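Trainee: Here is my input, please return the structure:
(chains A and B)
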Amino acid sequence: MNLMMLLEMAAGGMGERTALVCEGERWTHAELLAGAGRAAAKIRALDVERVSVLDVSSPAVPLALFGSAWAGRPFVPLNYRLSGAELDALIERVAPVLLITDRERAALFQGREGVRVMLREELLDVARAPGASPPQDWSMEPEDVAIWLFTSGTTGVPKAALLRHRHLVSYILGSVEFMSADEADAALVSVPPYHVAGMAAVLSSVYAGRRIVQLPAFSPEAWLGLAERERITNAFVVPTMLARVIERLEAAGAKPPASLRALAYGGGKMPLPVIERVMRRMGHVDLTNAYGLTETSSTIAVLGPDDHREAAASDDPAVRRRLCSVGRPLPGVEVEIRDPEGKPLPPGARGEICVRGEQVSGEYLGRTSRIGPDGFFPTHDGGFLDEAGYLFLEGRIDDVIVRGGENLSPGEIEDVLLEHPAVADAAVVGVPDLEWGEGVAAAVVLKPGAAASADEIRGWVREHLRSSRVPQVVRFEAELPYNETGKLLRRKVREALTQTVPS
Amino acid sequence: MATLKAGARLKSAVCDTQVMVIAAPAGDVALTCGGAPLLDAAATPARGAVHPEHKNGTQIGKRYVNEDASLELLCTKPGEGSLAVGGTPLKLKEAKALPSSD
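Mentor: Reported below is the predicted structural model:
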């Protein structure tokens, strides 16, 4: 198995379709296949073991991804927002490497040991060179590593998740029907290449035959403008992007792009009020909430368009709350909720989300696999399943607050805070407490022009939840710290709130 | 007859069909396309004719399975012949339509 097979089939079945559009440049599937071959020949000619892209989205990303797969080298997209020592440490771990990057960074890494620097434009020239593409001689060994993806490292040093060809091919074959897209379909890709959703977007769209339209730098204006110009039908966004797009539409009193049919979101927690606003403003658009991890080759559960509509229209609170769920597992993916001893828990009980399936890697560079003997991967995400099998997320289990022996889920308290009419955003963390071990602390962002006191916020939580959940510290902030893909930097919230606790 | 390994690529001896093995049972499997044994993708076939009883064709991107789904093939290139094991035609694997999530 090899990712190249997906592109080979796309080129064979729909070679003349446009595969990729970026800033006016267009590539068909046949051109992408030939270009990947030329990139692979170049990669093999260099003395490198890995290929990295340290850059925003451009045609160089799919070319390097497929070219690496063809050449039999792992592809390692790197976070272009990193710099200094953090970036140096990652580069050291991927060397000897072909580093594809922009002019500014190229100058920075030129001459560094184990790093062969190539400009993005140089790779595109290689891929566009005249002449035949080399023979299709890629390895079909399913165990070969296709991609290293560094986890976001919100808790410590980034780990490199290893995704093998078999994981990624299984994910695509299990979730995408070949050539299922219409010729006019176009997917707007605004997630960065170093995010698993950025990789999955390339592979899914190529296999479905859906034109990829890359947006290198996200802003709500750029996203909406490009969606209109390129007649975008499908898009994936992280929650912060969607919230900003909706704000923009509301502020302008504008309609969503007329061509937009399906919008998927994921990669972080989506507050219920935002989903409700999206449904009001984009009623005709098919909404899908996708839940997945880097270590599971992207999506493992989806809340589909019908689930959204059914939940929104229901008077039954148990059905209605599914709007806050991440839906049900994909076919071929099993999800279990387990207690700290590893025993499966019944519906409704909170525990750790464990997952099994062909697409699940659960493996990191230099560490033993986290997959257990029974094939299940403990995700470190907490959550529960309802009676109908819908999965609800409750944050990382490491974030659980242990107050006087009672386990409190920050997500449960945050959901309640977000329903307060004056609250725009909220984060709940545990802070050291002499009496209880840990206490509940909340950082709250108020809506523009809205007012609420700390006591009012506490009273609101007390009305809705048990008194142990009431935050002893409530601090008002202008905004909460998120990384660029919408992940809350809980560590920073905790640091800020810990300082406010009198010790 | 041959033992099959996941990831192996095979091609028809009598039509354009090419497949990749997604899952295979242990032991020998008498796999045919168009009535003739499937060959390794690198082989150069002595081209024969598609057997009239094995002429339903293969479709690119479709997955084919045997009765107990222990064998699963992905068609990577379509052809006129149809796939069978021990003379029994493989069935098209039903795909559940999923919303696009990336």
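Trainee: right, and B:Thr58 touches B:Ala84 too?
Mentor: No - with contact defined as CB atoms under 8 Å, B:Thr58 does not count as touching B:Ala84 (11.2 Å). To be clear about C-beta, it is placed using only N, CA and C from the backbone, and glycine gets the same treatment.
Trainee: Output the below-cut-off pLDDT ranges for the chain.
Mentor: Going with chain A. A:153-156, A:500-503 (pLDDT under 70).
Trainee: You answered for a different chain; I wanted chain B.
Mentor: B:1, B:46.
Trainee: Nearest to chain A within it, name that residue for me.
Mentor: Relative to chain A, the nearest point of chain B is B:Gly61 (2.3 Å; CB to the nearest CB).
Trainee: which ones are touching that residue?
Mentor: A:9, A:13, A:177-179, A:207, B:74-75 (CB atoms under 8 Å, 6 or more residues apart in numbering or on different chains).
Trainee: any chance you could read off phi and psi for A:Leu87?
Mentor: Backbone torsions of A:Leu87, given as degrees, to the nearest 10, read phi -70, psi -40.
Trainee: which one of the contacts of B:Gly61 sits closest to A:Phe476?
Mentor: Closest approach between the contacts of B:Gly61 and A:Phe476, by CB to CB: A:Tyr207, at 47.4 Å.
Trainee: In three-state terms, label the closest one for me.
Mentor: Secondary structure, DSSP: H, G, I helix; E, B strand; the rest coil: A:Tyr207 is helix.
Trainee: Next, the contact list for it, please.
Mentor: A:6, A:9-10, A:172, A:176, A:178, B:61.
Trainee: Could you show which parts of the stretch 51-200 of chain A are in contact with chain B?
Mentor: By the rule CB under 8 Å from any CB of the partner chain, the part of the stretch 51-200 of chain A lying against chain B is A:140-142, A:165-166, A:173, A:175-179, A:187, A:197, A:200.
Trainee: that older thread, and the residue of chain B closest to chain A, which of the three is it?
Mentor: Applying three-state DSSP: B:Gly61 is coil.
Trainee: re the thing from before, for the contacts of A:Tyr207, could you give me a markdown table that also reports secondary structure and distance to B:Pro37?
Mentor: Output for the contacts of A:Tyr207, formatted as a markdown table (DSSP: H, G, I helix; E, B strand; the rest coil; distance: CB to CB, whole Å):
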| residue | secondary structure | distance to B:Pro37 |
| --- | --- | --- |
| A:Leu6 | helix | 27 |
| A:Met9 | helix | 23 |
| A:Ala10 | helix | 29 |
| A:Ile172 | helix | 29 |
| A:Val176 | coil | 31 |
| A:Phe178 | coil | 26 |
| B:Gly61 | coil | 24 |
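Trainee: what residues are shared contacts of B:Thr58 and B:Ala84?
Mentor: B:Cys33.
Trainee: Which of these two has more residues huddled nearby?
Mentor: B:Thr58 (26 against 22; other CB atoms under 10 Å in any protein chain shown).
Trainee: How about the more buried one: which residues does it bridge to?
Mentor: Note on B:Thr58: beta-bridge partners B:Gly79, judged by DSSP bridges.
Trainee: residue contacts, it?
Mentor: Neighbours of B:Thr58 in contact, by CB under 8 Å, 6+ apart: B:17, B:19, B:33, B:64, B:75, B:78-79, B:81-83.
Trainee: what does chain B have sitting close to chain A?
Mentor: B:6-9, B:20, B:22, B:60-63, B:74, B:76-77, B:95-102.
Trainee: Out of these, which sit inside helices?
Mentor: Among these, DSSP state H puts none in helices.
Trainee: among those residues, which are in strands?
Mentor: B:9, B:20, B:22, B:63, B:74, B:76-77 (DSSP state E).
Trainee: can you tell me which residue is nearest the centre of chain A?
Mentor: Central residue of chain A (CA atoms, centre = their mean): A:Gly267, 3.9 Å from the mean position.
Trainee: isn't it right next to A:Ala197, touching?
Mentor: Yes - using CB under 8 Å, A:Gly267 and A:Ala197 qualify as a contacting pair, with a distance of 6.0 Å.
Trainee: Now do the shared contacts for these two.
Mentor: With CB under 8 Å, 6+ apart as the test, A:Gly267 and A:Ala197 both reach A:191, A:238.
Trainee: who's A:Arg396 bridged to?
Mentor: The partner residues for A:Arg396, given DSSP bridges, come to A:Asp381.
Trainee: Could you point out which of the contacts of A:Tyr207 is nearest to B:Ala43?
Mentor: After measuring these against B:Ala43 - CB to CB - the closest member comes out as A:Met9, at 20.6 Å.
Trainee: which residues sit in contact with the closest residue to A:Ile371 other than its chain neighbours?
Mentor: Leaving out its chain neighbours, the residue that sits closest to A:Ile371 by CB to CB, 6 or more residues apart in numbering or on different chains is A:Gly362, at 4.2 Å. Shown in contact with A:Gly362 (CB under 8 Å, 6+ apart): A:295-296, A:369-371, A:377.
Trainee: Would you list the buried entries among those residues?
Mentor: The neighbour count (16 or more other CB atoms under 10 Å in any protein chain shown) marks A:295-296, A:370-371, A:377 as buried among these.
Trainee: coming back round to it: please render the contacts of A:Tyr207 as a markdown table that adds distance to B:Gly27 to the earlier fields.
Mentor: A markdown table is the format used below for the contacts of A:Tyr207 (distance: CB to CB, whole Å):
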| residue | distance to B:Gly27 |
| --- | --- |
| A:Leu6 | 29 |
| A:Met9 | 29 |
| A:Ala10 | 34 |
| A:Ile172 | 29 |
| A:Val176 | 32 |
| A:Phe178 | 30 |
| B:Gly61 | 28 |
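Trainee: ok, for the closest residue to chain B within the stretch 51-200 of chain A, nearest residue in space, not its chain neighbours?
Mentor: As assessed by CB to the nearest CB, chain B sits closest to A:Phe178 within the stretch 51-200 of chain A, at 2.3 Å. Nearest residue to A:Phe178, sequence neighbours excluded (CB to CB, 6+ apart): B:Gly61, at 2.3 Å.
Trainee: buried stuff in the helix or strand where A:Ala426 lies?
Mentor: Assessed by DSSP states H and E, A:Ala426 sits inside strand A:423-433. By neighbour count on 16+ other CB under 10 Å, the buried set for strand A:423-433 is A:423-431, A:433.
Trainee: Same list, those, but as a markdown table with distance to A:Pro317 please.
Mentor: Compiled in a markdown table, these are given as follows (distance: CB to CB, whole Å):
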| residue | distance to A:Pro317 |
| --- | --- |
| A:Val423 | 21 |
| A:Ala424 | 24 |
| A:Asp425 | 24 |
| A:Ala426 | 22 |
| A:Ala427 | 25 |
| A:Val428 | 22 |
| A:Val429 | 28 |
| A:Gly430 | 28 |
| A:Val431 | 32 |
| A:Asp433 | 33 |
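Trainee: just curious, which of these is nearest to A:Glu412?
Mentor: For those, the nearest to A:Glu412 is A:Val428 (8.6 Å; CB to CB).
Trainee: Show me what the one helix or strand A:Met4 maps to is packed against.
Mentor: In the assignment (DSSP H and E), A:Met4 maps to helix A:3-14. On a contact count with 3 or more CB pairs under 8 Å, 6 or more residues apart in numbering or on different chains; DSSP states H and E, helix A:3-14 meets helix A:29-45, helix A:60-71, helix A:165-175, helix A:196-208, strand B:72-77.
Trainee: The second one: what's the following helix or strand?
Mentor: If you walk from helix A:60-71 toward the C-terminus, the next helix or strand you reach (DSSP H and E) is strand A:75-77.
Trainee: what does the fourth one give?
Mentor: Counting by DSSP H and E, the element after helix A:196-208 in chain order, helix or strand, is strand A:211-214.
Trainee: So what's the gap between that next one and the chain middle?
Mentor: Here the centre of strand A:211-214 is set off from its chain's centre by 17 Å, with CA atoms, centre = their mean, to the nearest Å.
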